[in-house]
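1. Quick one, what's the 3D model for this:
(one chain, ligands or ions: 2)
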Amino acid sequence: MYLNKDEERMYEGEYGNTVRKSMEILVALGEIYGAENLIDITSAQISGVSYKTIGDAGLEYLEDLASDKNALAKVPSTLNPAGTDLDNWEKLGFPSEFALKQNKIVDAYGSLGISQTCTCTPYLVGNVPRFRDHVAWSESSAVAYVNSVIGAKTNREGGPGALAAAICGKTAMYGYHIEENRKATIVIEVEDKISGIDYGALGYIVGKEIGDGIPYFILKDKTQNKKKDSSTDISSISPTNNDLKSLGAALASSGAVALYHIENITPEYKIAGKKHLQNDKMFISSHDIQNACEKLTTSDSNEADLVCLGCPHASLEEIEEIANLVKGRHIKNDLWVCTSINIKAAADRMGFTKIIENAGAALVCDTCMVVSPIEELGYESIGVNSAKAANYVPSMCGLKVIYDNAENLIKFK
Ligand SMILES: C[C@@](O)(CCOP(=O)(O)O)CC(=O)O
Ligand code: SF4
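-> Ligands and ions are numbered 1, 2, ... in the order given. The predicted structure is shown next:
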């Protein structure tokens, strides 16, 4: 692989051990994937933050990298969710040994110049690349969002690869960084109008079917087409950014999707094309969506001990919707709304946090139902409106799942 003079100096260790090790990781990845050179990136997003997923070995690795005071991230970089709410772990009942180790992990990242904002929706809080920027992100749902909705370019990096990229300000030129590799591989025609949890169910079905393919969605609404007496072949419904974050998260969790296109909606749909895909088509009906929702529910009961919303981390609008739903009422189940500290600060000011807390629920920052040790908090069943969470919680936490919209999951006294 070709390295320029400065990259060679990094590789030889002239900038210290951490830069050298990081450069070695980037070159090794580049060689595995056949990259010819490195490219500059404008941002990084680093997974591998929760003590639950990286353990003591991960903590040691990070403390070793952070002991080299010459190493600092070269580009704006943020962290994935941690295993606890870093400020309120005690109040929420997280085990103290876990919380202590968790704080050490986040401190090590901080010493490396990585922003200690722990969120899987960094694109809502300032880590916002521009169209066509090269970036190195690793949270799979954020990778899907930044590639598809924003049109920046990233591979699905692993945690160490994204951290190495942050420290060097570079990544290897292969995969989704190359224009040619961003073309759609299958057309998915969604025949009936979808909303709410249907987007997650759709992502779940398609991800399972296509693995690491690139879907080109056409979202239709049969009823509307009938009314207009036309059956045009273009997307006729318009998902919100929240719908897109649910769709991408699900696609990336049941499959290894990193990029999707939606006709008339996402920025690259015209270049990604569908003309070359005459024979590669899949049709999804409301019946398929209903089946997927049922499959994602593993609990026999219709009432969960804990309802956990915000996977990926909730936006301010989603928090407002929850506040409107619970305002002046008392919730029977425990309810967590997971988000970033930045969005919570805005929710505090808007009065949403107070409303949610008065109803008996909590706005939980920095963490989520998958990467926190909820299995140690005595819950047996969980209600989620995220297909990604529904897909991961049984194996990552061992709880029974109910997959439904928030208004059906939250029970009132
Ligand atoms: C499940 C996930 O959202 C969170 C756990 O990842 P990690 O602990 O940051 O490695 C990771 C992913 O989907 O990329
Ligand atoms: S499991 Fe969901 S909430 Fe947790 S880090 Fe992943 S996307 Fe975010």
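
2. if I read this right, L163 contacts A108, doesn't it?
-> No. Contact criterion C-beta atoms under 8 Å: L163 and A108 do not qualify, at 10.4 Å. Just so you know, the C-beta spots here come from the backbone N, C-alpha and C atoms, and that holds for glycine as well.

3. Next, show the common contact partners of the two.
-> L65 (C-beta atoms under 8 Å, 6 or more residues apart in numbering).

4. And these two? Which one has more around it.
-> Just comparing L163 and A108: by other C-beta atoms under 10 Å the higher neighbour count belongs to L163, 29 against 20.

5. any idea whether the more buried one is helix, strand or coil?
-> Of the three states, L163 takes helix under DSSP: H, G, I helix; E, B strand; the rest coil.

6. Now do the contacts for N88.
-> Per C-beta under 8 Å, 6+ apart, neighbours of N88: V364, C365.

7. For stretch 275-295, what is the distance to the chain centroid?
-> Mean-position distance between stretch 275-295 and its chain equals 23 Å (C-alpha atoms, centre = their mean, to the nearest Å).

8. do the same with stretch 187-206
-> From the chain centre to the centre of stretch 187-206 is a distance of 18 Å (C-alpha atoms, centre = their mean).

9. Any residue of it touching ligand 1?
-> No. Stretch 187-206 lies out of reach of ligand 1 by C-beta under 6 Å from any ligand atom, never closer than 12.4 Å.

10. Now that stretch: buried residues?
-> Neighbour counts over stretch 187-206 (16 or more other C-beta atoms under 10 Å) mark 187-192, 194, 196-206 as buried.

11. from those residues, which ones fall inside helices?
-> If you go by DSSP state H, the buried residues of stretch 187-206 have D198, Y199, G200, A201, L202, G203, Y204, I205, V206 in helices.

12. from those, which is closest to A99?
-> G200 (30.2 Å; C-beta to C-beta).

13. Provide a list of residues in contact with that closest one.
-> Taking C-beta under 8 Å, 6+ apart as the test, what G200 contacts is S246, L247, A249, A250, L296, N385, S386, A387, K388, A390, Y403.

14. Next: G207.
-> Neighbouring residues of G207 by C-beta under 8 Å, 6+ apart: A250, L251, A252, S253, S254, G255, A256, V257.

15. Kindly report the same for L3.
-> L3 sits next to Y11, V27, N37, L38 when contact means C-beta under 8 Å, 6+ apart.

16. Spatially nearest residue to the second one (excluding sequence neighbours)?
-> Right, V27. Computed as C-beta to C-beta, 6 or more residues apart in numbering, the closest residue to V27 that is not its neighbour in sequence is M1, at 5.9 Å.

17. Having no further points to raise, I will conclude here.
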